[in-house]
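Colleague: With the input below, show me the fold.
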Amino acid sequence: MAAVCCSLVVRRILFPALLIVGCKAGPMAKIEALRDALASGDDAALREAVKEAPACTEQPPPAADGAYPPSCLSSIANALGSKAGFVANPPDHAGAATAALVLARDGRGDALPRVDTWLADLRDGKGTGHDALRLAVAKKMAEAAPAVGRKHDAESTRPALRAVVSAVPGACPTYWLVATDDASKLPPELTPDHSACVQRDLARREGPGGAYGAGMPRALEGALAIWRETERALRLGAPNASPSAKATIESKLAVIEAATQKIETERVDVRTSAATIAAIGEAHAEAGVAITPRADAGPPPPHPLRRP
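Modeller: Numbers count the residues shown, from 1 in each chain. From the prediction side, this is the model:
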């Protein structure tokens, strides 16, 4: 009888405790589940990991920086376990995981603001949320590789722009807009010839310069420049990832880098006018966002993939 009573006491004490331990997930549990699903390549696990995150169905009018409302990005971050909403300056674990989820689920890098924030995080971030972002970028870039890694013509430009936007967090919204709509309907500041983020991408290390081209060829070269920059950030950041994440990232990088080597574009001689470039630069300088180098900064580096 004493043994039975003792057993009942133990069960009454321990069973509730076990329930608490079993049901109480840690604050990083959802971010870990997202990271693990991306690392494993298990699509069913990925759907399970993102199913509770809200969809951003109400989008504002086309804007120059981020297609999803900040409130929706914060709702996603909170669904992943954040207590502070969407933090992206610099990204915390939930902020990086939010970016990963938006890429993996929606394929809309333009939904996120400030591409250079995410490039820095791909290179330097350490920990669960940052690995989730690397894995999501690697997954989407590998999926986009066939549309990007080819000889480009007028027919391939729109699919290539959509592919870049699907994979690059913070991608210029102009790429998505001109790939999915009539560019003539866009506000002037979002067209390829006047978009500040297109100009910024063209001026990157492997871009042909901020004044290059016009129209769709200009947009394509800007998108390809940020594609290459993102690939480089992913490669540089792989050593900061956990062993399992690093293995997956490196396997995807083999696909991505092979595709990048196949990129060919036809060089055009058209240039955006100096007056337009100056006007864009002045407008953004007044807003506190410099997009052109200082006059004493020297000439931009040559485009390494251009034929002489």
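
Colleague: for whichever helix or strand Trp227 is part of, packing partners?
Modeller: Assigned by DSSP states H and E, Trp227 falls within helix 215-237. Packing partners of helix 215-237 (3 or more C-beta pairs under 8 Å, 6 or more residues apart in numbering; DSSP states H and E): helix 115-124, helix 128-148, helix 154-167, helix 173-180, helix 196-202, helix 243-261. Where you see a C-beta, it was placed from the backbone N, CA and C, and this is true even at glycine.

Colleague: For Ala67, find the nearest of these.
Modeller: Nearest of the helices and strands packed on helix 215-237 to Ala67, taken as C-beta to C-beta: helix 173-180 at 5.9 Å.

Colleague: relative orientation of the helix holding Trp227 and helix 173-180 in degrees?
Modeller: 130 degrees (axes from the mean of the first three to the mean of the last three C-alpha atoms, to 10 degrees).

Colleague: so helix 215-237 versus helix 115-124, what angle?
Modeller: Using the same axes, to 10 degrees: helix 215-237 against helix 115-124 is 30 degrees.

Colleague: Let me know the average pLDDT across helix 215-237.
Modeller: Across helix 215-237, pLDDT averages out at 98.

Colleague: distance between it and the chain's centre?
Modeller: Relative to its chain's centre, helix 215-237 lies at 12 Å (C-alpha atoms, centre = their mean, to the nearest Å).

Colleague: before we move on, what about stretch 53-70?
Modeller: Here the centre of stretch 53-70 is set off from its chain's centre by 14 Å, with C-alpha atoms, centre = their mean.

Colleague: Give me the contacts around that stretch.
Modeller: With C-beta atoms under 8 Å, 6 or more residues apart in numbering as the test, stretch 53-70 has contacts from 72-73, 75-76, 79-80, 86, 101-102, 105-106, 108, 110-114, 170, 173, 176-177, 186-187, 189-190, 195-197.

Colleague: Going through these, which ones are buried?
Modeller: 72-73, 75-76, 79-80, 86, 101-102, 105, 108, 110-114, 170, 173, 176-177, 186, 190, 195-197 (16 or more other C-beta atoms under 10 Å).
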